[in-house]
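> give me the fold of what follows.
(2 chains)
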Number of protein chains: 2
Amino acid sequence: MPTTPSRVTSRRRGRRSPIELYYWPGIQGRGEFIRLALEDASAEWVDVARLPGARAGMRAMVRILDGEDAGPLPFAAPFVRIDGRVVSQTAAVLAVLAPRLGLVPDDAALQAEALQIQLTIADFVGEVHDTHHPIAGSLYYRDQKAEAKRRARIFVRDRLPKYLGWLEHVLARNRAGQGRWLVGADRTYVDLSAFQVVAGLRYAFPNATARIEASTPRLVALHDRVAARAGLAAYLASERRVPFNQQGIFRHYPELDAPAARRGKSR
Amino acid sequence: MPTTPSRVTSRRRGRRSPIELYYWPGIQGRGEFIRLALEDASAEWVDVARLPGARAGMRAMVRILDGEDAGPLPFAAPFVRIDGRVVSQTAAVLAVLAPRLGLVPDDAALQAEALQIQLTIADFVGEVHDTHHPIAGSLYYRDQKAEAKRRARIFVRDRLPKYLGWLEHVLARNRAGQGRWLVGADRTYVDLSAFQVVAGLRYAFPNATARIEASTPRLVALHDRVAARAGLAAYLASERRVPFNQQGIFRHYPELDAPAARRGKSR
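A predicted model of the protein is given here:
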């Protein structure tokens, strides 16, 4: 739970300083995968660019992106600062944070497996982004609508079922997790990310996603299981959860979604 | 150096079995980042789908992609099998292989830094791919030429200098490596990947790359330093190095490159 006084508290108790997340304040974006992990683990953390008086936080973020800070240089946000050291790239951030947060087993092989799944989710998220920005992230959607429509048609038809089917398959194969979790016997950060992808797809491509969900029952159950977790349920209902919107990665442009199912047919 | 008999040899000596790489045989693609690490470290490895009688190797690869093998399910090639266990996603493969191959320091913070850089290179490579396939990987280039031209123009103008400038900046900041290596005091797998990116860009976008190289002297020197390494120089001159071609990620379509510099101007 991000609180301004936590830094003071943690110092007083001699604990490590809170984890600092640096990300654009108005969107879920890639930062949300990190927020979910921090919230699920009830970590002490600070959403730097969303603190009251966030201009100072934004300035700190830009300063680090400009290389005015010692240590690893992030190419882009999100990045975190843990014990004074910057870590960037969402999947790397999660790989570094998860053992500390108890969100991945100690076993090296399972950690590697989690990273592979997270990187595949990252590829998936990149393809989702490019449905509305197939030409350039620096152009407006309205300036690449024709190309977006063409790209989204193939994404919805081929890529969306392929990725979701793959996640379903991974769940089905994971005997240690009894089909309930993606890696090992218990929930990991990867399960939280899979939740986020399903939630985002339901917002962005409601028709296409509803149709596929009929054949991915384990993934749907995983989404619900994650959403009901104590730490996350409170977060998702709070104002800290930025709503999905038309500036993030998951955007709802009806013209990019599949047509609505005809009435009388089941979803 | 990939040799068929190495499996036998390694068994006889009681060593671990050779690393198996599974990747499409006709292209460098993402598999090349793994091949470079294996070659630089003179690892015992097998390029399964390029072995003599490679149909069996291709069948083995497809079988694993279809989930007929126990353990982690790759979404796509490349993947490796190390000590019987499949690891997929190029950056995850390298993160797992590198400590074993001596291609990254033992220090956890430096390993995390290497992963961040590798993931940024992966993003870069993804953008290179999408210059010629902005609509879908499943369509031919000729069916998305207009969109490719539009995407490539912005890529060459904005993204290419941004990524290469970032790599130059990372080199310049790395005091432990004296500006010679990207992470820590010595070469890591990330340096090999940066070499591959420069080599690929010179093939795909010769005009645009030549223009930028004037402002990235450390990166150019890194490319040359890596190419001259004993293990790699032999590999690069051998038939094992698949030549760049028009089926891979780095493709040379002159219409996607910047115009040639005018005569009399410096490159």
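
> so residue A:225 is in contact with residue A:180, correct?
Yes: the pair residue A:225 and residue A:180 qualifies as a contact (C-beta atoms under 8 Å) at a distance of 6.7 Å. For the C-beta atoms, the positions are set from N, CA and C on the backbone; glycine is no exception.

> state the pLDDT value of the closest residue to residue A:19 other than its chain neighbours.
In this structure, residue A:19 finds its nearest non-sequential neighbour in residue A:45, 4.3 Å apart by C-beta to C-beta, 6 or more residues apart in numbering or on different chains. We have a pLDDT of 97 for residue A:45.

> ok, residue A:45 touching residue A:31?
No: with contacts counted by C-beta under 8 Å, residue A:45 stays clear of residue A:31, the gap being 11.6 Å.

> what touches both of the two?
residue A:21 (C-beta atoms under 8 Å, 6 or more residues apart in numbering or on different chains).

> show me which residues of the stretch 151-267 of chain A are close to chain B?
With C-beta under 8 Å from any C-beta of the partner chain as the criterion, the stretch 151-267 of chain A meets chain B at residues A:151, A:154-155, A:158, A:163, A:166, A:169-170, A:173.

> could you redo the last one with a cut-off of 7 Å?
Where the stretch 151-267 of chain A comes near chain B, counting by C-beta under 7 Å from any C-beta of the partner chain, the residues are A:151, A:154, A:158, A:166, A:169-170, A:173.

> which ones among those map onto helices?
A:151, A:154, A:166, A:169-170, A:173 (DSSP state H).

> what about burial for those residues, which qualify?
Buried subset of those (neighbour count, 16 or more other C-beta atoms under 10 Å in any protein chain shown): A:151, A:154, A:166, A:169-170.

> same list, these, but as TSV with pLDDT please.
Below are those laid out as TSV (pLDDT from 0 to 100):
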residue	pLDDT
A:151	98
A:154	98
A:166	98
A:169	98
A:170	98
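
> out of those residues, who's nearest residue B:132?
residue A:151 (14.0 Å; C-beta to C-beta).

> wait, what's in contact with that closest one?
By C-beta atoms under 7 Å, 6 or more residues apart in numbering or on different chains, the contact set of residue A:151 is A:130-131, A:134, B:135-136.

> low-confidence ranges in the stretch 151-267 of chain A?
A:263-267 (pLDDT under 70).

> how about it: which residue is closest to chain B?
As assessed by C-beta to the nearest C-beta, chain B sits closest to residue A:154 within the stretch 151-267 of chain A, at 4.3 Å.

> and that residue, how far from residue B:150?
Using C-beta to C-beta, to the nearest Å, we find residue A:154 at a distance of 17 Å from residue B:150.

> what parts of the stretch 1-150 of chain A come near chain B?
When proximity is defined as C-beta under 7 Å from any C-beta, the stretch 1-150 of chain A approaches chain B at A:67, A:72-73, A:75, A:85, A:87-89, A:91-92, A:95-96, A:109, A:112-113, A:115-116, A:119-120, A:126, A:134-136, A:138, A:147, A:150.

> quick one: residues in contact with the helix of greatest length in chain A.
In terms of residue count, the longest helix belonging to chain A (DSSP H) is helix A:108-132. With contact meaning C-beta under 7 Å, 6+ apart, helix A:108-132 is reached by A:90-91, A:94-95, A:104, A:141, A:148, A:151-152, A:155, A:159, A:163, A:170, A:182-184, A:188-190, A:193-194, A:197, A:204, A:249-251, A:253, A:256, B:72, B:75, B:85, B:87-89, B:91-92, B:95-96, B:126.

> much appreciated, bye for now.
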